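Student: What follows is a predicted protein model with its sequence.
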Amino acid sequence: MADEFPSPTVARSSRTEVFLSYLDYFRSSIARRIESLGEDELRHSRLASGWTALELAKHLRYVELRWLEWGYLGVDVGNPWGDQREGRWFVEDAETREELLEALLAQGLTSRRIIENNDLDSTGRSSARWDGEAPPTLERILFHLLQEYARHLGHLDIVVELSGGPVGE
């Protein structure tokens, strides 16, 4: 897991490594925040929107699955919207913090393999993911994933702070 923010002044071997370092950082930051919360805080929302920290972890795992495996590679992933029920994120009562974080980190390893084995300028496969639109390049997908992670890490920082947990940057 990446504990240190990937400073723009630290050289990377390629654009791919830049994307990977930021994704690893954001993913591990999400995991650390979720690990800092008590069980009650994981399953109850402090927000008007109603989402919970565990729902966010599950959502981010599925975001990577949807964009990289189902979208970019065009792989049949079964239920790409498995993080949602009736238009909102959900987590089964039986799903645990450990299981959801393990799934998020495992998805990160799958994402890393996909990213390392493909050119950033390559275009995703035509699939149902794109609703008839032209598939984007891997680089565009990665920009989207970075903004998704950064935005949700900020949301989670607020939740952790409201719960009395450690404050982020």
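Tutor: Received, thanks.

Student: Give the buried residues for the longest helix seen in the chain.
Tutor: Using DSSP state H, we find that the single longest helix of the chain is helix 138-162. Using 16 or more other C-beta atoms under 10 Å as the test for burial, helix 138-162 gives 138-142, 145-146, 148-149, 152-153, 156-157, 159-160. C-betas here are computed from N, CA, C, even on glycine.

Student: So what's the gap between that helix and the chain middle?
Tutor: Averaging C-alpha positions (C-alpha atoms, centre = their mean, to the nearest Å) puts helix 138-162 7 Å from its chain's average.

Student: Show me the contact partners of stretch 93-109.
Tutor: Residues outside stretch 93-109 that contact it (C-beta atoms under 8 Å, 6 or more residues apart in numbering): 1, 23-24, 27, 30-31, 34-35, 39, 42, 54, 57-58, 60-61, 64-65, 91.

Student: Test for you: state the pLDDT assigned to residue 70.
Tutor: Looking at residue 70, its pLDDT is 96.

Student: ok, now which ones touch the closest residue in space to residue 112 that isn't next to it in sequence?
Tutor: Leaving aside its sequence neighbours, residue 112 sits nearest to residue 20 (C-beta to C-beta, 6 or more residues apart in numbering; 6.2 Å). Counting by C-beta under 8 Å, 6+ apart, residue 20 makes contact with 112, 115-116.
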